[in-house]
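A.B. asks: sequence plus predicted model, see below.
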Amino acid sequence: MRIVRVLAVSAALISFIPVAQAQRLDLSKTTCKELIESGKDGLVIVWSWLYGYYSDQDADPVIDFDQLTKQGQRLVEVCRDKPTVDIITAAEPIYDK
C-alpha cells in the first residue's frame, strides 16, 4: 500500500513538472483561494513542499504520508476559512511544530 502512495505522489509531481518549469510560485504571495483553485495536483505539490520545508534539517529521509495528508487537509480547512491569507501565513501554525 505504501508503494502505491509513493507512486501516486510521484505521478502527480511528474505530471506537474512541465507547468512548474515554466512558472515560479511565491507561496508568501499566493493566496489560499489560489491554492484551493489549483486542483488536486497543485495541492499535493504544495503539501509535499511544505512538509519538506518545515521538516527538521537533521530528520531522517522518511515521508509520513499520514502526517502529510493530515497537515494538508488542515491547511485546506484554514484556507477555506481565510481565502485571502497567503499560504505561508496559513501554513506556519500547522507545519512549524
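C.D. replies: Received, thanks.
A.B. asks: show me the shaky parts of the protein.
C.D. replies: Within the chain, the ranges that satisfy pLDDT under 70 run 1-22, 97.
A.B. asks: at 50 what do you get?
C.D. replies: Across the chain, residues meeting the criterion (pLDDT under 50) sit at 4, 6-7, 16-22.
A.B. asks: nearest residue to residue 91 other than its sequence neighbours?
C.D. replies: Leaving aside its chain neighbours, residue 91 sits nearest to residue 50 (5.3 Å; criterion: C-beta to C-beta, 6 or more residues apart in numbering). From N, CA and C alone the C-beta is placed, and that goes for glycine too.
A.B. asks: isn't there a helix covering the one you found?
C.D. replies: Yes: the assignment for residue 50, made by DSSP: H, G, I helix; E, B strand; the rest coil, places it in a helix.
A.B. asks: what's the neighbour count on it?
C.D. replies: Neighbours of residue 50 under the rule other C-beta atoms under 10 Å: 23.
A.B. asks: residue 44 now?
C.D. replies: There are 20 residues near residue 44, going by other C-beta under 10 Å.
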